[in-house]
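only geometry, no sequence info:
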């Protein structure tokens, strides 16, 4: 697989080398990545942090030790859309790579998986992942990204509508006044008690993402079928308790 073309996205040779290593060995601690790549340990953390900021790598903490892993490979496509709009040829090559990367990614995927993103690009990676599923649910949404990230959100919305993906959304009470429904959106308003910090729950496929849209955006994603099914039940219960627009 020709990962060298990721240079067209602005990735350094070190970033490409570590991305390829994580693709081959799966979820790994720093010392295993060092063994695989031969990159000096003091440089690996800097490279991993850059990949995390780009939304291409995430990590979990297990027994006080960080384990690094690739983010869902479909997020490469969203990264191209946002960062390299003028490189359509590169986008097509990335899209062609995704099935092969996904095959390897899924081969090592545990029954319960978790990812932590700690940057705006990481949160965008969650939005991009939503577009790979037939339905999207939001709990306690507040129209934060449509207001604060209009350019990105407009692009995301066009792609959602092209794929005919419906939105099911429970909004906060403060959105009632200026509410205008999006196409293919079913919305209701939660009781005032649910207003508070800008924390939104995304449910898409087998994924549940807790997303905090604050000065330091972050997203914590759990991937498990049973957990996602339970959150849909929570959504359905809250839907019945909520008010129509």
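Cool, got the structure. Keep in mind it's a predicted model, so treat the numbers as computed, not measured.

What segments of the chain are helices?
Ranges of helices in the chain, per DSSP state H, are 13-25, 30-37, 41-53, 75-83, 88-107, 120-130, 144-148, 150-162, 225-241.

Identify the residues contacting the second one?
In other words, helix 30-37. 17-18, 21-22, 24-25, 28, 39-41, 44-45, 48, 66, 68 (Cβ atoms under 8 Å, 6 or more residues apart in numbering). For every residue, glycine as well, the C-beta is placed using N, CA and C.

ok, the residue nearest the centre of the chain to residue 161 distance?
With distances taken as Cα atoms, centre = their mean, residue 126 lies nearest the centre of the chain, 1.7 Å away. Taking Cβ to Cβ, to the nearest Å as the measure, residue 126 falls 19 Å from residue 161.

And for residue 194?
Shown here: residue 194 relative to residue 161, a distance of 28 Å by Cβ to Cβ.

more crowded one of those two?
Using other Cβ atoms under 10 Å, the more surrounded residue of residue 194 and residue 161 is residue 194, with 16 against 12.

wait, the more buried one sits on residue 140?
Yes - using Cβ atoms under 8 Å, residue 194 is in contact with residue 140, at 5.4 Å.

quick one: common contacting residues for these two?
In contact with both residue 194 and residue 140: 170, 172, using Cβ under 8 Å, 6+ apart.

Please pick the buried ones from the contacts of helix 30-37.
17, 18, 21, 22, 28, 39, 44, 48, 68 (16 or more other Cβ atoms under 10 Å).

For the residue nearest to the first one when sequence neighbours are not counted, grab the count of nearby residues.
Excluding its sequence neighbours, the residue lying closest to residue 17 (Cβ to Cβ, 6 or more residues apart in numbering) is residue 37, at 5.2 Å. Residue 37 has 18 neighbouring residues, counting by other Cβ under 10 Å.

From residue 29, how far out is residue 37?
13 Å.

same check, this time on residue 138
If you go by Cβ to Cβ, the gap between residue 138 and residue 29 works out to 34 Å.

Who has more neighbours out of these two?
Shown here are residue 138 and residue 29; by other Cβ under 10 Å, residue 138 has more neighbours (23 against 13).

isn't the more buried one right up against residue 200?
Yes - assessed by Cβ under 8 Å, residue 138 is found in contact with residue 200 at 5.9 Å.

low-scoring pLDDT stretches of the protein, where are they?
Residue ranges of the chain with pLDDT under 70: 1, 78-90, 106-112.

what does the domain assignment say about this structure?
Per automatic domain parsing, the domain ranges recorded for the chain read 3-107, 113-241.

mind checking the end-to-end distance for the last one?
Criterion Cα to Cα, to the nearest Å; first-to-last residue distance in domain 113-241 is 31 Å.

Ok, stretch 76-92 next?
End to end - Cα to Cα - stretch 76-92 spans 11 Å.

Kindly report the same for stretch 35-45.
By Cα to Cα, one end of stretch 35-45 lies 14 Å from the other end.

now the buried ones among the contacts of helix 30-37 as TSV including distance to residue 211?
Converted to TSV, the buried ones among the contacts of helix 30-37 look like this (distance: Cβ to Cβ, whole Å):
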residue	distance to residue 211
17	30
18	26
21	28
22	23
28	26
39	32
44	28
48	22
68	21
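
Identify, from the residues you listed, the entry nearest to residue 121.
Nearest to residue 121 among the buried ones among the contacts of helix 30-37: residue 48, at 14.3 Å, using Cβ to Cβ.

Go ahead and confirm that closest one touches residue 19.
No - assessed by Cβ under 8 Å, residue 48 is found out of contact with residue 19, at 10.0 Å.

Show me the common contact partners of these two, please.
With Cβ under 8 Å, 6+ apart, residue 48 and residue 19 have common neighbours residue 57.
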